[in-house]
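Chemist: what's the 3D shape of this:
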Amino acid sequence: MIVLCVGVTSCSKDDDKDVTIVGNWTLSKVIQGRASTTEGRKEVYPDTENYSTATFNSDGSYSDTHAEDGKASTTIGTYTYDSDKKIIILVNKDDNGELEKDTAAVKELTSNSLVFTHTLVIENEYYESHFTRK
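Modeler: Modelled structure (predicted):
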């Protein structure tokens with residue numbers, strides 16, 4: 001599962017009209033909490049033990065490296081970005097080899113920033129991931 005978000009703004013909206021998701025991104029913060037309420041949400045910042053990086057390639061493939069408590073794992077799969085609907089669809093295989101599909105709503109995409117939200121319905125968890133371009 002991938003959680004990505006970034007909060008850097010551009011000087012002009014025109015500067016970012018041809019921006020692409022393709023590139024290397026580093027997690028700068030995550031806002032997390034219950035999906036059913038905005039109360040109690042907290043900001044979590046990555047460190048050397050807990051971090052995430054993502055690479056979106058022009059051929060539709062992606063990789064995400066995520067570390068918790070210093071233990072890193074990498075997910076490799078394919079993605080589709082619909083700029084009109086502002087959604088990213090990620091497809092990969094889970095630990096059992098079954099296809100897994102995640103959809104994230106893009107709140108912001110600029111030349112330096114990617115912010116998207118993701119809700120885990122079963123667990124009622126909300127994540128807003130902020131990434132910066134490397």
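Chemist: low-confidence ranges in the protein?
Modeler: Scanning the chain for pLDDT under 70 picks out the ranges 1-16, 121-122.
Chemist: For my notes, confirm Phe116 occurs in a helix.
Modeler: No. When classified by DSSP: H, G, I helix; E, B strand; the rest coil, Phe116 is found to be strand rather than part of a helix.
Chemist: Give the bridge partners for it, please.
Modeler: Here Phe116 shows beta-bridge partners Val106, Ser129, assigned using DSSP bridges.
Chemist: List the contacts of the closest residue to Asn57 other than its chain neighbours.
Modeler: Computed as C-beta to C-beta, 6 or more residues apart in numbering, the closest residue to Asn57 that is not its neighbour in sequence is Val22, at 6.6 Å. Using the backbone N, CA and C atoms, a C-beta is placed for each residue, glycine as well. Under the criterion of C-beta atoms under 8 Å, 6 or more residues apart in numbering, the contact partners of Val22 comprise 56-58.
Chemist: filter the residues you listed to the buried ones?
Modeler: When burial is judged by neighbour count using 16 or more other C-beta atoms under 10 Å, the buried members of the contacts of Val22 are Phe56.
Chemist: what's the closest of the contacts of Val22 to Lys86?
Modeler: Using C-beta to C-beta, Phe56 is the member of the contacts of Val22 that lies nearest Lys86, at 15.0 Å.
Chemist: Distance check, the closest one against Ser111.
Modeler: In this view, Phe56 and Ser111 are 14 Å apart by C-beta to C-beta, to the nearest Å.
Chemist: do the same with Thr132
Modeler: Between Thr132 and Ser111 the distance, using C-beta to C-beta, works out to 10 Å.
Chemist: More neighbours: which of the two?
Modeler: Neighbour tally, Thr132 and Ser111, criterion other C-beta atoms under 10 Å: the higher count belongs to Thr132, 17 against 13.
Chemist: Residues touching the helix or strand that one falls within, excluding its own?
Modeler: Using DSSP states H and E, the secondary-structure element containing Thr132 is strand 125-133. By C-beta under 8 Å, 6+ apart, the list of residues contacting strand 125-133 from outside reads 2-8, 23-35, 41, 52, 54, 104, 107, 111-120.
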